[in-house]
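Trainee: Here's a sequence, model it:
(chains A, B and C)
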Amino acid sequence: MASSIFSDWTVWSDSPILDAISLKETLDGGQAFRWNALEAGAFEGRWNAHVVRIRPSVTCDHLEYAIPKTACPKASIDALNTYWATGIDYSALTDQLPWRSDPVIRTAIEAFPTLRILKQPFEECLFSFLCSSTKQVPQIKAIHEMVALRLGNELPDGSHALPTWSQIASGGEAPLRDAKLGYRARYINQCAQVIVERPGWLASVEQMPTADAREELLRLPGVGRKIADCVLLFGAGRLDAFPIDTWVQKILGQAYSLKDWNLNQLQQFAQIHFGQQAGYAQQFRFAAARAGKLRL
DNA sequence: GCACAGGTAGATT
DNA sequence: AATCTACCTGTG
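Mentor: Have a look, this model is predicted:
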């Protein structure tokens, strides 16, 4: 076997414990778009300047990781813990969801018992979901690779990071069009121009209370309620953010008999019935719906 | 050829 | 305030 640029597999002592199906759904179910499956249940992912591999241990009671030999181990493990929000007790949160009274939630948790919400870099997450409108996961992933290759810094393994907003702004719209972003290219370029004109603004948005942060994100071209809530949920740990897309709309319509409700009414319903973990509950329903576990 | 895919913004009822 | 429609590209 050829020598690898990656370190040996190492125990990730603070790792979450996930079954294989929940792990795949968490990494490749539409929250993040830069994870790829390797052999033997392992995954390789990229965010900011990090390239990380993870896999279940032989005994499946923790995860192991590997990083490029040139990477700083301490920075990498800190980044992993942040990305996975390992400080949050997801098994306790799962138990707080209304599965006892809600058969949809119960079915979804049975299918993906250890599903988690990632805490991705806020600025990258905004880019990701600007790419996502009326696109399917494989296409979104392909777009990410093309944009990274054209505009992002090279990483230790020869692949590329996603570009910073500054790099996107400098590149203009053309490379985004080349990356098959279509009409989204104009929005992304406009966002980049706005963001570089206001240094520190986007970072400050991440720190705001959820409602204020959402209001700020909605000022960006191409960012509507759904994308804003995805960025808050998957990029800022706001589990109360509740993105309503075509899937969720269908689920709420069928399973909760809310067929003729409009988006605002559905938002209200979610806030009242699913509360502080509304977004987490939504991700369970979304995963179950996509897996065909719900009658829709 | 044509509808549809984890939307949004602007125009038109 | 609710309902069209254009906007790109890929897939079935």
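
Trainee: Near the residue in the stretch 101-250 of chain A positioned nearest to DNA strand C, how many other residues are there?
Mentor: Per CB to the nearest atom of the strand, A:G182 is where the stretch 101-250 of chain A lies closest to DNA strand C, at 2.5 Å. For the C-beta atoms, the positions are set from N, CA and C on the backbone; glycine is no exception. Look at A:G182: counted by other CB atoms under 10 Å, it has 14 neighbours.

Trainee: Distance check, A:I272 against DNA strand C.
Mentor: For A:I272, the distance to DNA strand C (CB to the nearest atom of the strand, to the nearest Å) stands at 18 Å.

Trainee: Please give the number of neighbouring residues around that residue.
Mentor: A:I272: 9 neighbours (other CB under 10 Å).

Trainee: in what helix or strand does it lie?
Mentor: Element membership for A:I272 (DSSP states H and E) is helix A:263-274.

Trainee: do the same with A:I140
Mentor: A:I140 belongs to helix A:137-151, assigned by DSSP H and E.

Trainee: next one: A:A85
Mentor: Here A:A85 is assigned to no helix or strand, by DSSP H and E.

Trainee: Would you agree it is in contact with A:Q31?
Mentor: No - the pair A:A85 / A:Q31 is not scored as a contact, 11.8 Å apart, by CB atoms under 8 Å.

Trainee: shared neighbours of those two, anything?
Mentor: A:117-118 (CB atoms under 8 Å, 6 or more residues apart in numbering).

Trainee: higher neighbour count, those two?
Mentor: A:Q31 (25 against 16).

Trainee: Not counting its neighbours along the chain, what's nearest the more buried one?
Mentor: Leaving aside its sequence neighbours, A:Q31 sits nearest to A:F234 (CB to CB, 6 or more residues apart in numbering; 4.9 Å).

Trainee: Can you read off the pLDDT for whichever residue of the stretch 1-150 of chain A sits closest to DNA strand B?
Mentor: Residue nearest to DNA strand B within the stretch 1-150 of chain A (CB to the nearest atom of the strand): A:G30, separated by 2.3 Å. You'll see A:G30 listed with a pLDDT of 96.

Trainee: count of residues packed around the residue nearest to it when sequence neighbours are not counted?
Mentor: Once flanking residues are discounted, A:G30 sits nearest to A:V137: 5.4 Å by CB to CB, 6+ apart. By other CB under 10 Å, 15 other residues sit near A:V137.

Trainee: and A:A2, what pLDDT?
Mentor: 59.

Trainee: Sorry, slip of the keys, the one I care about is A:S128.
Mentor: Value for A:S128, per-residue pLDDT: 98.

Trainee: quick one: it and A:R46, what's the gap?
Mentor: 12 Å (CB to CB, to the nearest Å).

Trainee: Check A:W247 too.
Mentor: Distance, A:W247 to A:R46, by CB to CB: 26 Å.

Trainee: and the two? which has more neighbours close in?
Mentor: A:R46 (24 against 18).

Trainee: doesn't the more buried one fall inside a strand?
Mentor: Yes - under DSSP: H, G, I helix; E, B strand; the rest coil, A:R46 falls within a strand.

Trainee: pretty sure it contacts A:D157?
Mentor: No - between A:R46 and A:D157 no contact is recorded; they are 9.1 Å apart, counting by CB under 8 Å.

Trainee: State the distance from the residue nearest to A:G30 to A:T10.
Mentor: A:V137 is 29 Å from A:T10, by CB to CB.

Trainee: try A:E145
Mentor: Distance from A:E145 to A:T10, counting by CB to CB: 27 Å.

Trainee: about what we covered before: elements contacting the helix holding A:I140?
Mentor: helix A:165-171, helix A:174-178 (3 or more CB pairs under 8 Å, 6 or more residues apart in numbering; DSSP states H and E).

Trainee: Now it - C-alpha only, CSV.
Mentor: In CSV, the C-alpha atoms belonging to helix A:137-151 read as follows (Å, rounded to 0.1, in the frame of the first residue of the first chain):
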residue,chain,number,x,y,z
VAL,A,137,-27.6,16.8,-3.0
PRO,A,138,-25.3,15.2,-5.6
GLN,A,139,-25.5,18.3,-7.8
ILE,A,140,-24.9,20.6,-4.9
LYS,A,141,-21.8,18.5,-3.9
ALA,A,142,-20.5,18.7,-7.5
ILE,A,143,-21.0,22.5,-7.5
HIS,A,144,-19.0,22.7,-4.3
GLU,A,145,-16.1,20.8,-5.8
MET,A,146,-16.1,23.0,-8.9
VAL,A,147,-16.2,26.2,-7.0
ALA,A,148,-13.5,25.1,-4.5
LEU,A,149,-11.2,24.1,-7.4
ARG,A,150,-11.7,27.4,-9.2
LEU,A,151,-11.5,29.8,-6.3
